[in-house]
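Student: Based on what follows, work out the 3D shape:
(one chain, ligands or ions: 1)
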Amino acid sequence: MKTAIITGASDGLGLKISEKLLKNGWKIIGLSRNKPNIDIEYIKTDLSKESDINNAINEIKRRYPIFHSLINCAGVMSVQKMKNLDYSEINNLFKINVLAPIKLISGLIENIKTNEADIVNVGSTVGFKAYEDQCAYGSSKWALRGVTENLQLELKGTKCRVIGFNPGGFKSKIFEKATGIKPNLDAFMEPEHLADLLVYILEMPKTLEVSQIIINRK
Ligand SMILES: NC(=O)c1ccc[n+]([C@@H]2O[C@H](COP(=O)([O-])OP(=O)(O)OC[C@H]3O[C@@H](n4cnc5c(N)ncnc54)[C@H](OP(=O)(O)O)[C@@H]3O)[C@@H](O)[C@H]2O)c1
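Tutor: Okay, here's the model as predicted:
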């Protein structure tokens, strides 16, 4: 049985990926603040807190040392006018979107190498272009793309694949959570379809690495 560690398994895309992998026989270890409403293993983790990340790393090493994928999916958004950028909001966003994946990968790197495990970093199309009022969110996704490329270099010559998965807008509550505004998501992608694609990519032979993929909505 294959095992995946997934951050943000409690909602949105992370939840859909977890459901799809479960269906395909994978075991899932979810990291989030809220317990996912599906039958998976769970380590309560606030990814904005170093102590929680350290605890998750120790728990994974102790209880689940053999795993095949680490999927960094948790993320938060921020939509702010340039003149009103709020320092604590940016700080929190960078902790969750950038520092947490780096710290988690760093703490688990020996297991990742031994297990020949894959790493998936869920970025965004905003990591390739600019959006108005999304300076902090966008730059965090540009940074995550840098993390992905750095890891590809560091894990060159191993069987570990490092996959940058970059969707455009899909249906979730991320915008509403950030702004309190319920947007019209009719034209947005279905997270189920994105989860199907990621599972397909993960289950392809280990001789193929989808290094960066951009999924735009049509
Ligand atoms: N939705 C889009 O249009 C879109 C487009 C491109 C890329 N993305 C990216 O896709 C990923 C998933 O987004 P989504 O739309 O599915 O978001 P979502 O539905 O809001 O889910 C976000 C997940 O991140 C977790 N999370 C947030 N803050 C956390 C914290 N401090 N500690 C631990 N976990 C935390 C949440 O868990 P808890 O609240 O339980 O902690 C939740 O499981 C994100 O990286 C996002 O940037 C989204």
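Student: Any idea how far stretch 107-126 is from the middle of the chain?
Tutor: Computed by CA atoms, centre = their mean, to the nearest Å, the chain-centroid distance of stretch 107-126 equals 10 Å.
Student: Give me the buried positions along that stretch.
Tutor: Across stretch 107-126, burial judged by 16 or more other CB atoms under 10 Å covers 107-109, 111-112, 115, 117-126. Backbone N, C-alpha and C define where each C-beta goes, glycine included.
Student: Let me know the closest of the residues you listed to Met189.
Tutor: Thr125 (10.9 Å; CB to CB).
Student: how about the helices of the chain, start to end?
Tutor: Using DSSP state H, the helices of the chain run over residues 12-23, 50-63, 87-94, 100-115, 135-154, 174-179, 191-203.
Student: To the ligand, which of these lies closest?
Tutor: Of all these, it is helix 12-23 that lies closest to the ligand, at 2.0 Å by CB to the nearest ligand atom.
Student: coming back round to it: can I get the helices of the chain in CSV including mean pLDDT and distance to Leu185?
Tutor: CSV is the format used below for the helices of the chain (pLDDT from 0 to 100; distance: least, CB to CB, whole Å):
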stretch, mean pLDDT, distance to Leu185
helix 12-23, 98, 12
helix 50-63, 98, 30
helix 87-94, 97, 21
helix 100-115, 98, 26
helix 135-154, 98, 17
helix 174-179, 97, 8
helix 191-203, 98, 11
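Student: which of the ones you listed is buried the deepest?
Tutor: The highest average neighbour count among these, using mean count of other CB atoms under 10 Å, belongs to helix 12-23 at a mean of 22.
Student: picking that back up, looking at the helices of the chain, which is closest to Ala4?
Tutor: Of all the helices of the chain, helix 12-23 sits nearest to Ala4, with 5.5 Å by CB to CB.
Student: List of residues touching the closest one?
Tutor: 2, 4, 6-9, 28, 30, 32, 36-40, 71, 73-74, 122, 167, 170, 172-174, 191-192, 194-196, 198-199, 202 (CB atoms under 8 Å, 6 or more residues apart in numbering).
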